[in-house]
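Asker: okay, predicted coordinates and the sequence, questions at the end:
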Protein chains: 2
Amino acid sequence: MVRRTGRRPGNPDTRDAILAAARSAFAEKGYDGASIRAIATGAGVDPALVHHYFGTKDKLFLAAMNMPLDPGEIIPEVLAGDPEGLGERLVRMFLTVWDSPAGKAGVGLLRSAMSSDWTARMFRDFVVTQVLRRVMNAVPMPPEEAPLRVSLVASQLAGLAMVRYVLKVEPLASTPREVLVAAVGPTIQRYIFGDLPKPKAAD
Amino acid sequence: MVRRTGRRPGNPDTRDAILAAARSAFAEKGYDGASIRAIATGAGVDPALVHHYFGTKDKLFLAAMNMPLDPGEIIPEVLAGDPEGLGERLVRMFLTVWDSPAGKAGVGLLRSAMSSDWTARMFRDFVVTQVLRRVMNAVPMPPEEAPLRVSLVASQLAGLAMVRYVLKVEPLASTPREVLVAAVGPTIQRYIFGDLPKPKAAD
């Protein structure tokens, strides 16, 4: 991971006011419902200033949830390349990020998503708007199957992060990355491309 | 799940004192290192009283971590039957427990394991002493492979619980149980019986 070395632009009070307004707006209306204009009004600033400080709504959303990385930069890299290797590339990228300094922030985020309804809601929105949509745009799969497939992938990756980095259950906590890539990659591959039962099956 | 309808036996103060002593002892020495004798001494009672109130050390451990169910009762049931269906049976049992009233306690336990080092340590001990050993005794697999296999299973099941019951990411939160059994069963099956990379592989 590239570490941020530059200083954040502008007045920190203004930046914080925008972040606070963004957190309320995302919590109240979700990612899609919260507009930059309404967030700017909430912070008492001009919408242009929100764009100036944070760039896109995606980036503002990630900053509001203290997400240490941008799926918009990572996911296209993982999706590029042969489809047969997608599962392994995804696991490798995921573990590389968690093994990096960003992993510490990830542990905090995961803990907070587990204990706070606000973070849990942000997390749900994150999976749908930042991950699911990007994957659906790039990987050929029937649109009605994509949500279940992506949430199955999320379940395996979230569990891996939880057991390896938060609970630190051995031997998984200290298993070399490439062993896990080989072990878990085929799971992800199957969730994305494999035969799955139809969502309309009865319980 | 069978709900407990009887009253707990004996003096609640004595019971609480034993539980408090057990929590300190398990936290300090782990499951194997904590003896019933030392726990009784810590609570200022006779060891026979600990057995009277809680039965076995396993049951005392589960009570100390507020675990709403006993893997000693559930795991043998799942392990019985044909090996080909083990993965699906395990997922079905896991989801049935989480969909039952015990699931609410599970959410609390998972949240607390994420935020407290004490619960995380209890959780690690739980996986090894209550789950891993029982599985290793019943499922034929090379003993040196069992720990990684079991912790991979734990990662998928923990992630499923997290995404479905705590974060409630859709559509996974409302997907019918049998759809998930069919989707996730083969993952568990592969982690238990499939080809996995050797743990000594380089990173």
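Answerer: Okay, I see it. Numbering: from 1, shown residues only, chains lettered A, B, ... in the order given.
Asker: wait, doesn't A:Glu28 sit right on A:Ala34?
Answerer: Yes: in this structure A:Glu28 lies within contact range of A:Ala34 using Cβ atoms under 8 Å: 7.4 Å. Using the backbone N, CA and C atoms, a C-beta is placed for each residue, glycine as well.
Asker: give me the more crowded residue out of those two.
Answerer: It is A:Ala34, of A:Glu28 and A:Ala34, that has more neighbours when counted by other Cβ atoms under 10 Å in any protein chain shown, with 24 against 12.
Asker: residue contacts, the residue of chain A at minimum distance from chain B?
Answerer: For chain A, the nearest residue to chain B under the criterion Cβ to the nearest Cβ is A:Gly159, separated by 2.2 Å. Counting by Cβ atoms under 8 Å, 6 or more residues apart in numbering or on different chains, A:Gly159 touches B:Ala154, B:Ser155, B:Gln156, B:Leu157, B:Ala158, B:Gly159, B:Leu160, B:Met162.
Asker: okay, and the closest residue to it other than its chain neighbours sits in which element?
Answerer: Of all residues not flanking A:Gly159 in the chain, B:Gly159 sits nearest, at 2.2 Å (Cβ to Cβ, 6 or more residues apart in numbering or on different chains). Per DSSP states H and E: B:Gly159 is located in helix B:146-161.
Asker: over to A:Gly72?
Answerer: Here A:Gly72 is assigned to helix A:71-79, by DSSP H and E.
Asker: in that helix, what's buried?
Answerer: For helix A:71-79, a neighbour-count test (16 or more other Cβ atoms under 10 Å in any protein chain shown) marks A:Pro71, A:Ile74, A:Ile75, A:Val78, A:Leu79 as buried.
Asker: outline the domain layout of chain A.
Answerer: A:12-65, A:71-193 (automatic domain parsing).
Asker: figure out the length between the terminal residues of the shortest one.
Answerer: Read it as domain A:12-65. Using Cα to Cα, to the nearest Å, the end-to-end distance of domain A:12-65 comes out at 17 Å.
Asker: mind giving me CSV with the domains of chain A and columns for mean pLDDT?
Answerer: Formatted as CSV, the domains of chain A follow (pLDDT from 0 to 100):
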stretch, mean pLDDT
domain A:12-65, 91
domain A:71-193, 87
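Asker: now render the ones you listed as CSV, adding distance to B:Leu110.
Answerer: Below are the domains of chain A laid out as CSV (distance: least, Cβ to Cβ, whole Å):
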stretch, distance to B:Leu110
domain A:12-65, 20
domain A:71-193, 7
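Asker: dump the residue contacts of the closest residue to A:Arg134 other than its chain neighbours.
Answerer: Leaving out its chain neighbours, the residue that sits closest to A:Arg134 by Cβ to Cβ, 6+ apart is A:Ile75, at 4.7 Å. A:Ile75 is in contact with A:Val131, A:Arg134, A:Val135, A:Ala138, counting by Cβ under 8 Å, 6+ apart.
Asker: A:Thr129 too?
Answerer: A:Tyr31, A:Asp32, A:Asp58, A:Phe61.
Asker: and the residue nearest to A:Gly159, how far is that from B:Trp118?
Answerer: According to Cβ to Cβ, to the nearest Å, B:Gly159 stands 22 Å off from B:Trp118.
Asker: which helix in chain A has the most residues?
Answerer: Counting residues, the longest helix found in chain A (DSSP state H) is helix A:12-33.
Asker: ok, it near chain B or not?
Answerer: No: Helix A:12-33 is not in contact with chain B by Cβ under 8 Å from any Cβ of the partner chain; minimum separation 12.4 Å.
Asker: mind exporting the helix or strand immediately after that helix in the chain as PDB, just the C-alpha atoms?
Answerer: Counting by DSSP H and E, the next helix or strand C-terminal to helix A:12-33 is helix A:36-43. Extracted as PDB, the C-alpha positions of helix A:36-43 are listed here (Å, rounded to 0.1, in the frame of the first residue of the first chain):
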ATOM      1  CA  ILE A  36     -23.400  16.400  -2.100                       C
ATOM      2  CA  ARG A  37     -25.700  19.400  -2.100                       C
ATOM      3  CA  ALA A  38     -27.500  18.400   1.000                       C
ATOM      4  CA  ILE A  39     -24.200  17.500   2.800                       C
ATOM      5  CA  ALA A  40     -22.800  20.900   1.900                       C
ATOM      6  CA  THR A  41     -25.900  22.600   3.200                       C
ATOM      7  CA  GLY A  42     -25.600  20.500   6.400                       C
ATOM      8  CA  ALA A  43     -22.000  21.700   6.800                       C
END
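Asker: what about the nearest residue in space to A:Arg124 that is not next to it in sequence, distance to A:Leu180?
Answerer: Ranked by Cβ to Cβ, 6+ apart and with sequence neighbours excluded, the top spatial neighbour of A:Arg124 is B:Val169, at 5.1 Å. Distance, B:Val169 to A:Leu180, by Cβ to Cβ: 22 Å.
Asker: what residues sit buried inside the helix or strand that A:Ser112 is a member of?
Answerer: Assigned by DSSP H and E, A:Ser112 belongs to helix A:102-115. For helix A:102-115, the neighbour count (16+ other Cβ under 10 Å) marks A:Ala102, A:Gly103, A:Gly106, A:Leu109, A:Leu110, A:Arg111, A:Ser112, A:Ala113, A:Met114 as buried.
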